[in-house]
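*Asks:* fold the following and give me the result.
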Amino acid sequence: MKTVEEIKSAIEAAVPGAGVEIVSNPSPCGQHSLRLAPECALAVAKFLRDDAELKLDYLSSATGVDWPDSLEAVYHLYSVEKKHGPVILRMRTVNRTSQVELPSLTPIWRSAEFQEREIFDLYGIVFTGHPDLRRLLMWEGFKDHPMRRDYREPDDFEYEPTAHDEVLKRATEHQAAAAGQPGSEAGA
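*Replies:* Numbers count the residues shown, from 1 in each chain. Okay, here's the model as predicted:
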């Protein structure tokens, strides 16, 4: 299989202006990745799938990462036909608040469909061009994205017997606040 540097060069030759950069990984596994410019991601993905030497025909996993200033989608690609991989692709959003769109890679690899839905649900990345972008794990109407670093667990749930004192304390405080009892957060 080609090195990540050779793959980057092949992409740049096939997709002019691709905006690909190598993200090095100094860990023992040394699996370097390629960060793609979102505007060229579909063309690059199509090249990686269709290139005679690479034939990256299988997307095994996709996940999200919450960075302090942006959100990132990470894809692991393999070639079943050529028996090599992984090649790791990354795409970052402009920020983590108002510009959280990335292109869906589902048109290239169908296995991205549910995984991008999971990333959308848990991190809030909006995949443009996705055929069915809706929540997968959380219910419709759920506000927020539970894997983001700024997510705060709600305390407005009904108390159920549990061994976790912290949960019981929050539920009791919430119930007291809702009833407007003195000494509660609402009455203080």
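*Asks:* pLDDT (mean, whole number) over stretch 20-33?
*Replies:* Averaging pLDDT along stretch 20-33 gives 90.
*Asks:* contacts for that stretch?
*Replies:* 4-5, 8, 11-12, 34-37, 40, 44, 74, 86, 88-90 (C-beta atoms under 8 Å, 6 or more residues apart in numbering). All C-beta atoms are positioned from the backbone trio N, CA, C, and that covers glycine.
*Asks:* quick one: the strands in this structure?
*Replies:* 21-23, 33-35, 58-66, 71-79, 84-92, 101-103, 126-128 (DSSP state E).
*Asks:* ok, which of those comes nearest Pro146?
*Replies:* strand 58-66 (10.8 Å; C-beta to C-beta).
*Asks:* how distant is that closest one from the center of its chain?
*Replies:* 7 Å (C-alpha atoms, centre = their mean, to the nearest Å).
*Asks:* what of stretch 24-42?
*Replies:* Worked out by C-alpha atoms, centre = their mean, stretch 24-42 lies 14 Å from the chain centre.
*Asks:* okay, now the unreliable bits of the protein?
*Replies:* Low-confidence segments of the chain, defined by pLDDT under 70: 155-163, 181-188.
*Asks:* swap in 50 and give it another go.
*Replies:* The chain contains residues with pLDDT under 50 at 159, 184, 186-188.
*Asks:* go ahead and flag the most central residue of it.
*Replies:* Nearest residue to the geometric centre of the chain (C-alpha atoms, centre = their mean): Gly64, 2.1 Å.
*Asks:* leaving out chain neighbours, which residue sits closest to it?
*Replies:* Tyr123 (3.7 Å; C-beta to C-beta, 6 or more residues apart in numbering).
*Asks:* returning to what we had before: output the strands of the chain in TSV; the columns should cover distance to Asp150.
*Replies:* Formatted as TSV, those follow (distance: least, C-beta to C-beta, whole Å):
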stretch	distance to Asp150
strand 21-23	24
strand 33-35	23
strand 58-66	8
strand 71-79	11
strand 84-92	17
strand 101-103	19
strand 126-128	17
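*Asks:* which stretch among those strands comes nearest Glu118?
*Replies:* Here strand 58-66 is closest among the strands of the chain (C-beta to C-beta), at 8.0 Å.
*Asks:* packing partners for the closest one?
*Replies:* strand 71-79, strand 84-92, helix 112-123 (3 or more C-beta pairs under 8 Å, 6 or more residues apart in numbering; DSSP states H and E).
*Asks:* could these go into a markdown table alongside distance to Val23?
*Replies:* Formatted as a markdown table, the helices and strands packed on strand 58-66 follow (distance: least, C-beta to C-beta, whole Å):
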| stretch | distance to Val23 |
| --- | --- |
| strand 71-79 | 10 |
| strand 84-92 | 6 |
| helix 112-123 | 18 |
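*Asks:* now these in a markdown table, with mean neighbour count?
*Replies:* As requested, the helices and strands packed on strand 58-66 are exported to a markdown table (neighbours: other C-beta atoms under 10 Å):
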| stretch | mean neighbour count |
| --- | --- |
| strand 71-79 | 22 |
| strand 84-92 | 19 |
| helix 112-123 | 21 |
